[in-house]
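[1] build me a model from this:
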Amino acid sequence: MPKRAKESRQAKILDAAETAFADDGYNGASMRDIVRGAGVNLATVYYYFGSKNGLMEAVLKRRFGPLRQEHLEVLRQFEREAKGRPVSVEKILEAMLLPPLRLLAAPAAKRQAVTRLMGRIVTEPDAQTQEILHGQRSEVRAAFLKALRASLPKAPAADLQWRMEFVWGALAFILCNPRTIEVETHGACNPVDASKVLAEMVGFFSAGFRAVGISTLMVSVT
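    Predicted coordinates:
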């Protein structure tokens, strides 16, 4: 089979699988629906991807692989600009936030494809998908944690990790629920304005990172 035809067939399978995973989650997605949507037989899917797990891994890699690469490229750019000094917390946050926020300005089809899949992963975080994501995101997360430790050397590692999770969580909410933010704020906050969202998030979260170790609020939950 010519290379172009092979790539086209694989793309159709991935498109159908992405739709199924976004609609029904990993566990709920039907291989029968994926096969029907791609216009191939089950043997072809297994030939290219090996298993349902391999298919999900390929879907995530196709959608989030370029984002992972852009994360690392932006962080490395800021590290070069720092000329051996630690990258500031603000710049680290910019490197974390800017690549995903650029999706807000992407064509609607691409933006919706990524955010629908992301929304399903966030709302139904099954163990299989999380394990795949962990493997694909580990390099990026390690790079940002290393940069934060260099910028804030006295901060406990666990505190930095908590704050990183808060950043990722807020980012996912903004990308997956822009209409909710607009409605709840009666139009005062425009989540489609990527530059404004970036500025607000960097300002908010940089203060949180810099407050590490200054004070500790103990909350008792009963």
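
[2] mind pulling up the phi and psi values for P125?
    Dihedral pair for P125: phi -80, psi 70, per degrees, to the nearest 10.

[3] ok, now how distant is it from N27?
    Separation of P125 from N27 (CB to CB, to the nearest Å): 11 Å. Where C-beta positions appear, they are placed from N, C-alpha and C, glycine not excepted.

[4] what's the answer for V40, then?
    22 Å.

[5] more neighbours: which of these two?
    Using other CB atoms under 10 Å as the criterion, V40 and N27 rank with V40 on top: 18 against 12.

[6] distance from the chain centre to the lowest-mean-pLDDT helix or strand in the chain, please.
    Lowest by mean pLDDT, DSSP states H and E among the helices and strands of the chain is helix 108-123, with a mean of 79. A distance of 10 Å separates the centroid of the chain from that of helix 108-123, by CA atoms, centre = their mean, to the nearest Å.

[7] again with stretch 145-156
    In terms of CA atoms, centre = their mean, the centre of stretch 145-156 is set 22 Å apart from its chain centre.

[8] buried set for that stretch?
    By 16 or more other CB atoms under 10 Å, the buried positions in stretch 145-156 come out as 147-148, 151-152, 155.

[9] now do the end-to-end distance for that stretch.
    11 Å (CA to CA, to the nearest Å).

[10] could you give the angle of the lengthiest helix in the chain to helix 108-123?
    Identified as the longest helix of the chain according to DSSP state H is helix 52-82. On the basis of axes from the mean of the first three to the mean of the last three CA atoms, to 10 degrees, helix 52-82 is oriented at 110 degrees to helix 108-123.

[11] now helix 52-82: buried residues?
    Neighbour counts over helix 52-82 (16+ other CB under 10 Å) mark 52, 55-60, 62-64, 67-68, 70-71, 74-75, 78-79 as buried.

[12] check contacts around L175.
    100-101, 103-104, 114-115, 118 (CB atoms under 8 Å, 6 or more residues apart in numbering).
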